[in-house]
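Enquirer: Provided below for reference: sequence and predicted model.
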Amino acid sequence: MMASESPPLKFEVALTELDRVLRELEDGTTTLEDALARYERGIALVKQCYEQLRSAEVRIRELTGIGDDGKPILQGFEHTAAVEKPTRRATST
Amino acid sequence: MPMPAGVKLRSVTDVTRAVKARLEENFVDFWVAGEVTNFKLHPPSGHMYFTLKDAGSILPCIFKAGFNKRMPFQPHDGMHVNCFGGLIVFEQRGIYQLEVQEFEPKGIGAAELALQQLKSKLEAKGYFDPDRRRPFPVFPKFVALVTSSSGAAVRDMIESLLQRWPLTGIVVKDCRVQGPTAAPEIAESLRMLCRLSRTGKLKLCAIVLGRGGGPTADLSAFNEEIVADAIFASTVPVISAVGHESDVTIADRVADFRALTPTAAIVALTQRSRDDVEAELDDLRNRMRDAMLSRIQYSRQSVKQLAERPGLRRPLDRYRAAGQKIDDRRERLQRAGEQLLARGNDKLIAAASQLEALSPLNILVRGYSLTQRGDGALLRSAAEVAVGEIIETRLAEGSILSRVLGPSSTPTDPNDGQ
């Protein structure tokens, strides 16, 4: 699917677009060519959403303060999760 | 009674001092019960002045700043209290006062009263106004967890988030949630996160203020004004998850959402979980496929129908059929024209005879006549003409001119006409 080349949309934006694509397809008022293009776009969006969910990399940081430049001082945070991520638990500082 | 001679005179100061010595020696460290009246706070010194009264008497009191500073609530008139302290005599004015060291409201604990007072104060400031509560985004992108980084609450929240919506970024801000430093630490953490969010350094969509379960006494940090202020001022929506079902803390009431447990806070925050969304995506994909398939089916059907139409199947037929149609039309046109002409003729004859039947001249044939005045008006009454006037009578054939000689009869009764 060509559409997946574009940067991933925000999840809710993708879902809203999917709803619209589906409505247009179900209306059946477009030409066959249009319908195919829409279908292709819809499938690309579904795929994109799935990929986002599957490849979600867990980002957990601990805020320890604010630097002189006004930026947050962050460090890795290991919550002692025994359920899902046994590999992450091994590393400790 | 005159003062006897040789009596030893005492000075006022001397007497007062003696009283002071007696009183202050005999009235130390005792509890006294009464109702507060005339309460006044003297701002420069911080001392409080009031009078304790009961049905029979009054007792002036001074509650010095050094002692009253520890008191969490504000005394007021009408409050029934127990006071602890000792009597002192104010020599210059010759009065005695109770110097209060402890001040306790009756029937209710001091901490409880302080809490009640703080609640009414914050309520009046609009802190608990439900209209203030802000919604959270459907899919949280970045969430801050303000809690103890070593407690069970932080682990529960992170696990729940990973499971329900793994696209969320998480920042943990460690702070104590009980003990004397808890309230200032929580407040400072909230302020720090809001500052980072406001400057765009951390784009937070929610802050969860969490704490695991535990006894009520440990909730005190969540009942402090400094925490209430920080939540109230927060530019980011705050979920409180203090982990105590039966007690609603002040933090719970100021927050945009109150969750009973840290896990419940995450559930509220992730309104649509990963499972929900995946099921929804499956459904969307199936419906799109069905819609597409039926669209293709429809197109195929249309093509088939088109292909089966006679014009496409046998092109010559079309021309032949067209030629026949033209012949047919020409014939019909001709027939129609003739009919129209015939019908027109009939109509003309009918109209002429109708016209004739309506003509007044037809009546004259039957022997009637019409008489007109010189100006052409038809005569209906003898009264319409004058003697000597010329009138014209029209018959079926020709007309007669006459001069009126006079009326032969005049109509008198309309019923008697003719």
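Expert: Cool, got the structure.
Enquirer: show me where the stretch 301-418 of chain B has helices.
Expert: Using DSSP state H, counting those that start in this stretch, the helices of the stretch 301-418 of chain B run over B:310-313, B:315-358, B:361-365.
Enquirer: swap in chain A?
Expert: Counting by DSSP state H, chain A has helices at residues A:11-27, A:32-54, A:86-90.
Enquirer: export those to a markdown table and tack on mean pLDDT and mean neighbour count?
Expert: (Each C-beta comes from the backbone N, C-alpha and C, glycine too.) A markdown table is the format used below for those (pLDDT from 0 to 100; neighbours: other Cβ atoms under 10 Å in any protein chain shown):
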| stretch | mean pLDDT | mean neighbour count |
| --- | --- | --- |
| helix A:11-27 | 88 | 16 |
| helix A:32-54 | 89 | 17 |
| helix A:86-90 | 41 | 10 |
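Enquirer: reformat these as CSV; add distance to chain B.
Expert: Shown next, in CSV, are the helices of chain A (distance: least, Cβ to the nearest Cβ, whole Å):
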stretch, distance to chain B
helix A:11-27, 4
helix A:32-54, 4
helix A:86-90, 10
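Enquirer: which stretch among those helices comes nearest B:Arg70?
Expert: For the helices of chain A, the distance to B:Arg70 is smallest for helix A:86-90, at 46.6 Å, taking Cβ to Cβ.
Enquirer: neighbours of the nearest residue to B:Leu167 once chain neighbours are set aside, how many?
Expert: Closest residue in space to B:Leu167, ignoring its immediate chain neighbours: A:Ala56 at 5.0 Å, by Cβ to Cβ, 6 or more residues apart in numbering or on different chains. A:Ala56: 14 surrounding residues under other Cβ atoms under 10 Å in any protein chain shown.
Enquirer: pretty sure A:Ala56 contacts B:Arg164?
Expert: No. At 11.5 Å, A:Ala56 does not count as touching B:Arg164 under the criterion of Cβ atoms under 8 Å.
Enquirer: still on that earlier bit, and the residue nearest to B:Leu167, what's its pLDDT?
Expert: Here the pLDDT value assigned to A:Ala56 is 78.
Enquirer: circling back to that earlier point, closest to B:Ile326 out of the helices of chain A?
Expert: Of all the helices of chain A, helix A:32-54 sits nearest to B:Ile326, with 37.0 Å by Cβ to Cβ.
Enquirer: now for the closest one, which elements pack on it?
Expert: helix A:11-27, helix B:274-308 (3 or more Cβ pairs under 8 Å, 6 or more residues apart in numbering or on different chains; DSSP states H and E).
Enquirer: how about the helices of the stretch 101-250 of chain B, start to end?
Expert: So, for the stretch 101-250 of chain B - with DSSP H, counting those that start in this stretch - the helices run B:110-124, B:152-164, B:182-198, B:225-233, B:250-254.
Enquirer: single out the most deeply packed of these.
Expert: Highest mean neighbour count among the helices of the stretch 101-250 of chain B (mean count of other Cβ atoms under 10 Å in any protein chain shown): helix B:250-254, with a mean of 23.
Enquirer: could you export the helices and strands packed on helix A:32-54 as JSON lines, including distance to B:Pro72?
Expert: As requested, the helices and strands packed on helix A:32-54 are exported to JSON lines (distance: least, Cβ to Cβ, whole Å):
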{"stretch": "helix A:11-27", "distance to B:Pro72": "46"}
{"stretch": "helix B:274-308", "distance to B:Pro72": "46"}
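Enquirer: of those helices, which is nearest B:Arg258?
Expert: With Cβ to Cβ as the yardstick, what comes closest out of the helices and strands packed on helix A:32-54 is helix B:274-308 (23.1 Å).
Enquirer: spell out which parts of the stretch 101-250 of chain B neighbour chain A.
Expert: Taking Cβ under 8 Å from any Cβ of the partner chain as the measure of proximity, the stretch 101-250 of chain B contacts chain A at B:137-139, B:144, B:149, B:154-155, B:158-159, B:162-163, B:166-167, B:169-174, B:192-193, B:195-196, B:199, B:201-202.
Enquirer: may I ask you to confirm that B:Phe27 is in contact with B:Gly85?
Expert: No. Counting by Cβ under 8 Å, B:Phe27 stays clear of B:Gly85, with 9.1 Å between them.
Enquirer: those two: who's more crowded?
Expert: B:Gly85 (23 against 16).
Enquirer: so for stretch B:20-33, mean pLDDT?
Expert: On average, the pLDDT along stretch B:20-33 is 94.
Enquirer: and that stretch, how far out from the chain's middle?
Expert: 62 Å (Cα atoms, centre = their mean, to the nearest Å).
Enquirer: do the same with stretch B:156-164
Expert: Worked out by Cα atoms, centre = their mean, stretch B:156-164 lies 33 Å from the chain centre.
Enquirer: CA atoms only: put it into CSV for me.
Expert: Provided in CSV are the C-alpha atoms of stretch B:156-164 (Å, rounded to 0.1, in the frame of the first residue of the first chain):
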residue,chain,number,x,y,z
ASP,B,156,-0.1,-0.9,39.1
MET,B,157,-0.6,2.3,37.1
ILE,B,158,2.2,1.5,34.7
GLU,B,159,1.1,-2.1,34.1
SER,B,160,-2.4,-1.0,33.5
LEU,B,161,-1.3,1.6,31.0
LEU,B,162,0.9,-0.8,29.1
GLN,B,163,-1.9,-3.2,28.9
ARG,B,164,-4.7,-0.7,28.0
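Enquirer: what does stretch B:132-143 contact?
Expert: A:10-12, B:126, B:161, B:165, B:167-171, B:202-208, B:237, B:239, B:256-257, B:268-272 (Cβ atoms under 8 Å, 6 or more residues apart in numbering or on different chains).
Enquirer: tell me the buried residues in that stretch?
Expert: B:Phe136, B:Phe139, B:Pro140, B:Lys141, B:Phe142, B:Val143 (16 or more other Cβ atoms under 10 Å in any protein chain shown).
Enquirer: next one: the first one from B:Trp165, what distance?
Expert: It refers to B:Phe136. Distance from B:Phe136 to B:Trp165, counting by Cβ to Cβ, to the nearest Å: 12 Å.
Enquirer: what stretches of the stretch 51-200 of chain B score poorly on pLDDT?
Expert: Within the stretch 51-200 of chain B, no stretch falls below the threshold (pLDDT under 70).
Enquirer: quick one: the strands in it?
Expert: Assigned by DSSP state E, counting those that start in this stretch, the stretch 51-200 of chain B shows strands spanning B:58-63, B:80-90, B:95-105, B:142-147, B:169-174.
Enquirer: list the contacts of the first one.
Expert: Contacts of strand B:58-63 from elsewhere in the structure, counted by Cβ under 8 Å, 6+ apart, are B:32, B:34, B:37, B:47-53, B:75, B:83, B:85, B:88, B:95-100, B:103.
Enquirer: try 6 Å this time
Expert: With Cβ atoms under 6 Å, 6 or more residues apart in numbering or on different chains as the test, strand B:58-63 has contacts from B:Met48, B:Tyr49, B:Phe50, B:Thr51, B:Leu52, B:Gln97, B:Leu98, B:Glu99, B:Val100.
Enquirer: ok, now which ones touch the fifth one?
Expert: By that I understand B:Leu52. Counted by Cβ under 6 Å, 6+ apart, B:Leu52 has contacts B:Gly34, B:Leu59, B:Cys61.
Enquirer: where's the closest residue to it other than its chain neighbours relative to B:Phe50, distance?
Expert: Using Cβ to Cβ, 6+ apart and skipping residues adjacent in sequence, the residue nearest B:Leu52 is B:Gly34, 3.3 Å away. In this view, B:Gly34 and B:Phe50 are 10 Å apart by Cβ to Cβ.
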